[in-house]
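Undergrad: this is a predicted model, with the sequence first.
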Amino acid sequence: MSEAAPAAAPETTAKEQPAKVFAGAVYECVRCGTKTTQEELSRLPEVKCICGYRVFRKARPSVVKQIKAI
Ligand SMILES: [Zn+2]
C-alpha cells in the first residue's frame, strides 16, 4: 500500500530556449527608410528609429524571389 508514484518527468523543462519574437518581421521607418527588425525594436526601451522618428511601417523581409525569365 505504500506505492510511491514515480515522479512524473517534467516535459522538457530543462530545455531553455530564448523567447523568439517574430524575427522575420521587418519594419521600415517612414521618415528615413531605415529598416529594422522586430527583434531589434524589442530590445530598445522604446520603439524609435535612429533618426528619432517613431512611425514604422511593416516592410517585407528582403526575400528575393527568383522568377524564371523565358
Ligand atoms: Zn528613421
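TA: Received it, and whenever you're ready, just let me know what you need.
Undergrad: what's the local residue count around the spatially closest residue to Ala25 that is not a sequence neighbour?
TA: The shortest distance from Ala25 to any non-neighbouring residue, by C-beta to C-beta, 6 or more residues apart in numbering, is to Gln38 (4.1 Å). Backbone N, C-alpha and C define where each C-beta goes, glycine included. Other residues near Gln38 come to 17 when the count uses other C-beta atoms under 10 Å.
Undergrad: do I have it right that Gln38 meets Val47?
TA: No - the criterion here is C-beta atoms under 8 Å, and Gln38 misses it with Val47 at 9.8 Å.
Undergrad: just give me the neighbour total for Ala59.
TA: For Ala59, the neighbour count with other C-beta under 10 Å is 15.
Undergrad: looks to me like Ser42 is in a helix.
TA: Yes - assessed by DSSP: H, G, I helix; E, B strand; the rest coil, Ser42 belongs to a helix.
Undergrad: list phi and psi for the residue nearest to Ala25.
TA: Main-chain dihedrals, Gln38, degrees, to the nearest 10: phi -60, psi -30.
Undergrad: can you map out the strands along this structure?
TA: In the chain, the strands defined using DSSP state E lie at 26-29, 35-37, 56-59.
Undergrad: low pLDDT regions in this protein?
TA: 1-2, 4-5, 8-23, 61-64 (pLDDT under 70).
Undergrad: the ion contacts on that one?
TA: Cys29, Arg31, Cys32, Thr34, Cys49, Cys51, Tyr53 (C-beta under 5 Å from the ion).
Undergrad: which of those fall in helices?
TA: Among the residues of the chain next to the ion, none falls in helices (DSSP state H).
Undergrad: which among those end up buried?
TA: Buried members of these, scored by 16 or more other C-beta atoms under 10 Å, are Cys29, Cys49.
Undergrad: and of the residues of the chain next to the ion, the nearest to Ile67?
TA: Taking C-beta to C-beta as the measure, Thr34 is the one of the residues of the chain next to the ion closest to Ile67, at 27.8 Å.
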